[in-house]
Each structure stands twice: as C-alpha cells, then as structure tokens.
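J.: Everything below, folded, please.
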Amino acid sequence: MSQNNMLAMILAGGRGSRLLDLTNKVAKPAVSFGGKYRIIDFPLSNCANSGIDVVGVLTQYESVVLNSYVAAGGRWGLDTKDSGVFVLPPREKADEGFNVYRGTADAISQNIDFIDTYNPDYLLILSGDHIYKMDYDAMLEYHKEQNAELTVAVRPVPWKEASRFGIMNADESGVITEFQEKPKEPKSNLASMGIYIFTWKTLRKVLIADMKNPESSHDFGNDVIPEFLNSGKKLVAYKFEGYWKDVGTIDSLWEANMDLLGKKSELDMSDASWKIYTEDVSTPAQLIGKNAVIDRAYITQGCIIDGTVRHSVLFTGAYVGEGAVVEDTVLMPGAVVEAGAKVTRALVADGIRIGKGAVVGSADSENITLVAKRVKGEE
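T.: Numbering: from 1, shown residues only. Sure thing, here's the model as predicted:
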C-alpha cells in the first residue's frame, strides 16, 4: 500500500455507446488516444505518479483487450512485490443470466473483500475514461486537512454544458451543500470530475446499507452521494485547475487529440516530471517522403507519409499516400489514406482504409465525421 494508505479503484466498465463504432469491440478506456496511448493510461499513470501502488480496474463490457492490457502492470511500474494492477470483472448475475455491475456503487460493493484485503484508510475512485494529469496525493492531503468523509474533485465548466455533469454546490469554505445529478437548471457550473476520495470505513458502512436497499440504483451520483449529504457527513470540493477532458463522444475525443497541437498545450505529453506511461510498441521510425508536406501535425512512429498532412494527429502505423490530403483529422493506428484521397475534420478508426481519390468529411461540417468502415475509392 502507498505511504498514505490509499487504494485506487478505476471504474472502467461503461458501454461507451456515445463513441459509436469505436466501442463495438473495445471497452471505452482501451480506445486509442494521442498517437500511441490508450485512455486508461491517464488514470493509471496518475496513480503511479501519485505514489498509489495498488489499483483495481473494474471492467465489464467488451473487456478482452482492456483486461489483457491492464494486466501488464509493468507499463506503469505497478508490478512489484508490494504493488499491482488488478482486473476486477463483475461477479453477480443479472436477470439476463450474465455477470454485471448494476451501478457505479455496486461495482465497489462487489469488491469490498478485495479492498478489505489491503485495509486502506482511504479509497480513491476514478472514472477510466477521462484525459488529464492530476496529483491524487495532493487531493488526499486536502481531504485530511478538511477532516472530510468525501472529497470530490471539481472544475468549472461552461454554463451551457453544466447540465451534462453532476453539479456540486459549495459554500465559500468549499463544503458541499447540495448535489445535482445532470440538472436541467444547474445552480452552479462546478462540475464533478468523477474523482472521489472516501474515508473507507464510512463508505463501507454506506455501501453495505445500499446493497440491502431494494429501491436503490446502486449508483454514486443517484444514491451514495445524496446519502452522505442527507446524513450530515462532511463533503468538500477540491478545485482542479489543470487540463481535463471527458472524451465520451466522437467530437470530444477528436477535440482532445487536437488539443495536443496547441502551441502551449496544457496536456504536455513530453513533461518528464509527470509522465504518461503506455505500451512500448516495437515499430520502425516514421518515414516522410520527399514530396510530403507537413504543417503542425503530431506524428507517431511507424507512420508513412507521402502526401499532405495539416493540423492532424497520426497514430502508430498510419499511412498517407501520394497526393492525399489529411486536414484537421485523427488517423488511429494502422489507418490508411490512399493516393489522392482527401480527409477533413474526421476521426478514422483503427485499421480503416480510405480508397484512392475518395473524399471524406468537410471543413464546414458541424460535427466530426467518424470513419469506421472502409471507404471505396477509384478502381
């Protein structure tokens, strides 16, 4: 266990349905990001950098790739004698006959025995599908200074987006006085980041009572946090000021990738003081052809470029053929844009081929075009 006796649990079992075809066969936290990473790399790297050495990853839907990926804890330095990343699938059967977590709180309840094995003082609960860098140890120090039983990481969001989030209303001292789960008329724009630190003994009692409640949906937002408030427990808001992005939609995933191209990107992937660790893939270096044109692009190893790439992110093994133009686009691992094709404001899924001379996307489109099936070109 870490020196502060805190264990982390990452909720990585959601369907990720808003990412459409990207999550048909791969769990959302295992979706590729930023050239060579996966989304799950961020919370796991944050744990490693924060000195948290025991992490449970709660998986569920389309989890084969995710399970095998996180089981290799050495990617984040979490594979020593006293540390580890543990895959925790659901154990209780639903009415349909297969094992399932009935809600976010139920995911923790089903693993109380795992948590009790380590006897932590504090439990850190994380969403597995956000892009950010954060020192959880600093958040824990705040939790202890405030003598809180629950600390929620929060950050302001645009008012027009506030109804998409759990909203924490807090007084001047940071004490949370009210919680609104995705309200139609939010009273503030202070959004929960889905990052919680609980005092474990207190949470354990609430979870056991919640398990026995037939009217509960066994969810943190709908049930557990309201119970903490209603019973007078102290909840505080921890204000986070760094980069954070919920990549739950195609547009937001595209935006997070594009954020890497900013001249002063808040998400500095080359920051040696807070590294984001990932799988070390053995591939050749990138190959830039003599006629290639590149303007502000993020290009990973194994890419071959003979065409034009502007303001785009190319993942491992992507290919851009001669005369092809790729603008404001994300090419995921192994994506191919054949000669003469034009791709604009798009996200091209892993291994997808866009045929010779094809035209995909538009600079005037309101939403990002997801390309998840082969696009035929000129014969």
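J.: From now on I want contacts and neighbour counts done on CA atoms only, so please keep to that.
T.: Noted.
J.: Tell me where the stretch 1-150 of the chain has helices.
T.: 41-49, 64-70, 104-109, 112-118, 136-145 (DSSP state H, counting those that start in this stretch).
J.: Throw those helices into a markdown table and include mean neighbour count, mean pLDDT and distance to residue 371, thanks.
T.: What follows is these, written out as a markdown table (neighbours: other CA atoms under 10 Å; pLDDT from 0 to 100; distance: least, CA to CA, whole Å):
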| stretch | mean neighbour count | mean pLDDT | distance to residue 371 |
| --- | --- | --- | --- |
| helix 41-49 | 24 | 96 | 24 |
| helix 64-70 | 17 | 90 | 21 |
| helix 104-109 | 24 | 95 | 31 |
| helix 112-118 | 13 | 96 | 41 |
| helix 136-145 | 17 | 97 | 36 |
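J.: Now these in CSV, please, with extra columns for distance to residue 89.
T.: As requested, the helices of the stretch 1-150 of the chain are exported to CSV (distance: least, CA to CA, whole Å):
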stretch, distance to residue 89
helix 41-49, 17
helix 64-70, 9
helix 104-109, 9
helix 112-118, 12
helix 136-145, 24
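J.: closest to residue 288 out of these?
T.: With respect to residue 288, and counting by CA to CA, the nearest of the helices of the stretch 1-150 of the chain is helix 41-49 at 28.3 Å.
J.: if we can go back for a sec, residue 245 is nearest to which of the helices of the stretch 1-150 of the chain?
T.: The nearest among the helices of the stretch 1-150 of the chain, by CA to CA, is helix 41-49 at 11.2 Å.
J.: Residues in contact with the closest one: which ones?
T.: 8, 10, 53, 55, 76-78, 126-128, 130-136, 274-278 (CA atoms under 8 Å, 6 or more residues apart in numbering).
J.: could you redo the last one with a cut-off of 7 Å?
T.: 76-78, 128, 131-135, 274, 276-278 (CA atoms under 7 Å, 6 or more residues apart in numbering).
J.: and those residues, which are buried?
T.: 76-78, 128, 131-134, 274, 276-278 (16 or more other CA atoms under 10 Å).
J.: hmm, back to that, export the contacts of helix 41-49 as a markdown table, with columns for distance to residue 62.
T.: Listed next are these as a markdown table, based on distance: CA to CA, whole Å:
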| residue | distance to residue 62 |
| --- | --- |
| 76 | 23 |
| 77 | 25 |
| 78 | 24 |
| 128 | 14 |
| 131 | 21 |
| 132 | 24 |
| 133 | 26 |
| 134 | 27 |
| 135 | 30 |
| 274 | 30 |
| 276 | 24 |
| 277 | 23 |
| 278 | 20 |
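J.: hang on, the earlier thing: tell me which of the buried ones among the contacts of helix 41-49 fall in strands.
T.: Judged by DSSP state E, those include 131-132 as members of strands.
J.: Quickly name whichever of the buried ones among the contacts of helix 41-49 is closest to residue 363.
T.: Out of those, the member with the shortest distance to residue 363 (by CA to CA) is residue 131, at 25.7 Å.
J.: Give me the three-state assignment for the closest residue to the closest one other than its chain neighbours.
T.: Nearest non-adjacent residue to residue 131, counting by CA to CA, 6 or more residues apart in numbering: residue 245, 5.2 Å away. Applying DSSP: H, G, I helix; E, B strand; the rest coil to residue 245 yields a three-state assignment of strand.
J.: Pull the residues that contact the longest strand seen in the chain.
T.: Among the segments of the chain that qualify as a strand by DSSP E, the longest is strand 190-199. The contact list for strand 190-199 (CA under 7 Å, 6+ apart) reads 121-127, 149-157, 162, 165-169.
J.: Now stretch 370-379: average pLDDT?
T.: Across stretch 370-379, pLDDT averages out at 91.
J.: Pull out the buried residues from it.
T.: Buried, per 16+ other CA under 10 Å, within stretch 370-379: 370-372, 377.
J.: Generate JSON lines for the residues you listed, with secondary structure as supplementary columns.
T.: Output for the buried residues of stretch 370-379, formatted as JSON lines (three-state DSSP):
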{"residue": "370", "secondary structure": "strand"}
{"residue": "371", "secondary structure": "strand"}
{"residue": "372", "secondary structure": "coil"}
{"residue": "377", "secondary structure": "coil"}
